[in-house]
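1. Got a predicted model here, sequence first, then my questions.
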Amino acid sequence: MELGIKSLQRSEMERITKKEVNILKVDTEIFKGTVCLLKIIDINAPLIVPSPIGKVRILDKSYRWLQFAPKNENWWLTVMYDDDENIIESYFDITKENNFVNEDDPFFIDMKLDVAIPKRTEASLLDEDELFKALEEKLITQEEYELAYKTASDIVKKYSKNKGKYYEFIDYYYQKLKV
């Protein structure tokens, strides 16, 4: 097992063969980091993943991913939209590090614990077993393990209390970056 590295422009995803990328650097009281709208033009295979509501297609032609890469946080948000611009799922990766060496294509180191919010429903923790395995294999420390759970728990609580503001926030950036 390895933790895995994922970039803002998703250059590591070989299944995406053509894309358009629109990037915005943000420095507000609410969010500091980079926001990216990735429009999937062509792929060599769709991506279907398990979700709290069953299997969902999160990547296909004409889909869009709105990604939030925050500075000084231990999460990374990807909001997936279908070809009709409907939200499929919001997905928080809990991260060991968000690295901004390349401001136009920051990356994160994935700690494996995730928070999924399918189709504007309730938030659910995913892959707790993978986080524990990362701890067992000494890929993360006990402190990082505890931080991952605290971060995920905080996301679930904040989302539950602020759903309206959450969707206003992501809708604002989706409209601003729409290609």
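-> Looks like it arrived, so ask away.
2. which one's the longest helix in the protein?
-> helix 142-161 (DSSP state H).
3. quick one: the helix or strand just after that one to helix 142-161, angle?
-> Counting by DSSP states H and E, the next helix or strand C-terminal to helix 142-161 is helix 163-177. Interaxial angle, helix 163-177 versus helix 142-161 (axes from the mean of the first three to the mean of the last three C-alpha atoms, to 10 degrees): 100 degrees.
4. Return the set of buried residues in helix 163-177.
-> For helix 163-177, a neighbour-count test (16 or more other C-beta atoms under 10 Å) marks 166-167, 170, 173-174, 177 as buried. The C-beta positions use only the backbone N, C-alpha and C, and glycine is treated the same way.
5. and if you look at stretch 82-99?
-> Using 16+ other C-beta under 10 Å as the test for burial, stretch 82-99 gives 87-96, 98.
6. Equivalent analysis for stretch 119-126, please.
-> By neighbour count on 16+ other C-beta under 10 Å, the buried set for stretch 119-126 is 123, 125-126.
7. before we move on, what about stretch 13-32?
-> Under the neighbour-count criterion of 16+ other C-beta under 10 Å, stretch 13-32 has 13, 16, 19, 21, 23, 26, 31 buried.
8. you'd agree the fourth one is up against S11?
-> It stands for V21. No - contact criterion C-beta atoms under 8 Å: V21 and S11 do not qualify, at 9.9 Å.
9. Going along the chain, name the strands of the protein.
-> 5-7, 16-27, 32-43, 47-51, 54-59, 64-70, 75-81, 87-99, 107-118, 124-126 (DSSP state E).
10. how much does the fifth one deviate in direction from strand 87-99?
-> Interaxial angle, strand 54-59 versus strand 87-99 (the same axes, to 10 degrees): 70 degrees.
11. tilt between strand 54-59 and strand 107-118?
-> Going by the same axes, to 10 degrees, strand 54-59 makes 130 degrees with strand 107-118.
12. Could you check how far strand 54-59 is from the centre of its chain?
-> Between the centre of strand 54-59 and the centre of its chain there are 14 Å (C-alpha atoms, centre = their mean, to the nearest Å).
13. Over to the third one?
-> Here strand 32-43 is found 11 Å from its chain centre; the criterion is C-alpha atoms, centre = their mean.
14. so what strands line up beside that strand?
-> Using DSSP bridges, strand 32-43 pairs in its sheet with strand 16-27 (antiparallel), strand 64-70 (antiparallel).
15. now do the fourth one
-> Within its sheet, and counting by DSSP bridges, strand 47-51 is paired with strand 54-59 (antiparallel).
16. Quick one: residues in contact with the partner strand.
-> By C-beta atoms under 8 Å, 6 or more residues apart in numbering, the residues outside strand 54-59 that reach it are 13, 15-16, 40, 43, 46-49, 65, 80, 82, 88-89, 91, 118.
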